[in-house]
Structure formats: structure tokens, C-alpha cells
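*Asks:* Sequence isn't available, so here's the structure alone:
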């Protein structure tokens, strides 16, 4: 494959020139096209190479999410023979899909880099979960790529249009595609989002049909698929690595293992975009700092009472806001400092109020 077919741009060429000017090594550009248990495969202009990250890059990376991953453009030193290439630099990313590392509050996990679109795949079976979709949307908005919801397995639905309308209400302003990889219906609408040289990634739980969809787009059975478990409707992890596929149409698509956790990562903008309908309602609240609980004149609570907004969606919004705020306090020193200053001020005020009250009682 040529670098151009992988999405190489003049901006990347300029960034690579900067890397060369600061290095005494002979380096070539390439893109990470496969990631499996720490092993990376990089496509250069001439061939695909196994590569490992140079110690200097490992040492100076500010966090795990800064290390090379699937979709990254990198500068690497070719091996002398048949050994591994050495990866010395990651070129600037124009987008990064990151979630909080499972079991950690401070570490992020980079799922894919340099995406133009994130396809949020939701299977239309018993495992369909609106709250999980809202979480995934928040991550997609924070990535810098365009989110698109993909309703897969629509051949299992009697009312496809009704489900599309339901999801459009959950994802204001986000395109919603309904398709069946099994029959091929609606697949062309997804391909329209991946013109030549553009990169997309599939994000969803196990069993939503991502591997079947990739096979349909490739026109061959490249990935293994398994049936969803009948006992709990959950899918099996048929994909154990992340891989970038070149589609016959010229677009590029990244697939990886299904996930059941979408831990918050990134700025507040992701939550705000995912719940734009609630923010629009909040503009009508009497108080600018309304918490949408018991304040008088709350337009958001009024919408819930009138049935215009689901209480479950408002609860999801409040939960994700709290989780996002906690994440920022854990990872952003300035936010953490301001939070401690604010809490200190509240404690001081409470103590002064207590002293005044005790003096009044005496």
C-alpha cells in the first residue's frame, strides 16, 4: 500500500520532516495497522514490519495514551535484517479515541488514533442499552472525530424506524444509520462516511456484529464470528487484537475487541455535546447555576414532569457529569487545586456559621 492510500497528508509530511531534523538516525514514516498484546505492525511505503517502541520514547511519554497505538503515524528505524523495526516518534494526531483504563482513575487507554469518524455500533437485540450508548457518545465527541451511531442487526427488528427515532432522541445532531451486515441492507450508507483515505473505527460491545460488518465491507470472511450466547444475550470476544483494514472502496476501518466499559476520559465538552438537548432546556432555568433538583423555575425538571424528557436520561447526564468532574480532578492539577480551594472555602464558611450560631444560642 502507498502512504497516500493510508491517509498520508502534507501536514504529516511536514511533521515527519521536523522529526528528521532533530534526529541523527535514518527514519521512515509508517502507520500502525495492527496492535496485539503490545506488538505493533507498521505499514511503510514498502512493506509491513513488526516494531517495538524505543526506550527513549517509553521513558518520556507522559502517559500510556501517549504511546503508539493502532492508527498512529510514526517514525521508525528499519531493521538491519529480518528483525524488528524501532519506533522512535509518534507524529501529531488529529484525533484520539481514549477511555479511562479499567481499574484506574488516572490512566487512559488509547483505543485508536487519527480517526475521521467513530461508528458507535449498537446491536438491535436483547443487549441494546441506551445508557451505554450515551457513554460511548461522550467518548466519541471527545475524540475529535465525527460520531455516527450504527444500529446493527436490524433484521431482528419489527419497527426499525421507531428504533431510529428513539436513538435520534438520545443522540441529538448525530447521524443514525440502520443496517444489517447479515443481509447487506443499509451497508452502503456507512461506506459513504469512508471515502478513499479516510479512517473510521468501530466501537461497541461484544456481540453487536462488528466482525460480521467488517467481513461484509471487505467482501470476504476475514474475521472469525461467533453467535451471541443464548443464556444472557452477550457476545463472545471473537476479536482479540486491533487492526486497520483497507476497504475495496478505498476507505480505512479499524476494528478491535468489544468493550462493556466506557470509562470517562477527556474534557467536559463530550458530555455537553452528548446531552445537548438537556443543555438547551437548562438555558430556560430561572437560575444560571441551577442543579436541576429542587430549585424553583427549573426548566429541565419541568420537561421531565411533562414527559418531554426521560427521567432516566437526566439521571444519566447527572451521573456522567459527576464522573467527568471526578476524572478531571484526578488528572488535571489546576482543576484539582481549584476544587480543593473551593472545598476549603465551604468548610471555612461552615465553621464560621457554626461559631456564630453557638454564640447566638448562648
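*Replies:* Sure thing, it's come through. The shown structure was predicted, so the numbers you read here are calculated from the model rather than taken from an experiment.
*Asks:* Against residue 34, how distant is residue 323?
*Replies:* Taking CB to CB, to the nearest Å as the measure, residue 323 falls 32 Å from residue 34. For the C-beta atoms, the positions are set from N, CA and C on the backbone; glycine is no exception.
*Asks:* can you check residue 96 too?
*Replies:* Distance check for residue 96 against residue 34: by CB to CB, it reads 18 Å.
*Asks:* Between those two, tell me which one has more neighbours.
*Replies:* residue 96 (23 against 16; other CB atoms under 10 Å).
*Asks:* Bridging across strands, which residues link to the more buried one?
*Replies:* Counting by DSSP bridges, residue 96 is bridged to residue 113.
*Asks:* check contacts around it.
*Replies:* Counting by CB atoms under 8 Å, 6 or more residues apart in numbering, residue 96 touches 65, 110, 112, 113, 114, 143, 144.
*Asks:* Using neighbour counts, trim those residues to the buried set.
*Replies:* Buried members of the contacts of residue 96, scored by 16 or more other CB atoms under 10 Å, are 65, 110, 112, 113, 114, 143, 144.
*Asks:* tell me the pLDDT at the second one?
*Replies:* Read that as residue 110. pLDDT for residue 110: 90.
*Asks:* So, low pLDDT: which residues of the stretch 151-300 of the chain?
*Replies:* Low-confidence segments of the stretch 151-300 of the chain, defined by pLDDT under 70, span residues 224-239, 260, 264-266.
*Asks:* which residues in it form strands?
*Replies:* Secondary structure of the stretch 151-300 of the chain by DSSP state E, counting those that start in this stretch: the strands cover 176-178, 199-203, 242-246, 252-255.
*Asks:* same deal with the stretch 1-150 of the chain?
*Replies:* 28-36, 39-43, 48-53, 73-77, 85-90, 96-100, 108-113, 117-123, 146-152.
*Asks:* could you dump these to a markdown table with distance to residue 211?
*Replies:* Formatted as a markdown table, these follow (distance: least, CB to CB, whole Å):
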| stretch | distance to residue 211 |
| --- | --- |
| strand 28-36 | 15 |
| strand 39-43 | 19 |
| strand 48-53 | 21 |
| strand 73-77 | 26 |
| strand 85-90 | 28 |
| strand 96-100 | 19 |
| strand 108-113 | 16 |
| strand 117-123 | 11 |
| strand 146-152 | 11 |
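*Asks:* Return the residues in contact with residue 94.
*Replies:* If you count contacts by CB under 8 Å, 6+ apart, residue 94 has them with 11, 114, 144.
*Asks:* quick one on the thing from earlier: out of the strands of the stretch 1-150 of the chain, which gets nearest to residue 20?
*Replies:* Nearest to residue 20, of all these, is strand 73-77, at 7.6 Å by CB to CB.
*Asks:* Now do that closest one: everything it contacts.
*Replies:* 8, 12, 15-16, 19-20, 23, 25-32, 42, 44, 49, 51, 54, 68, 85-91, 114.
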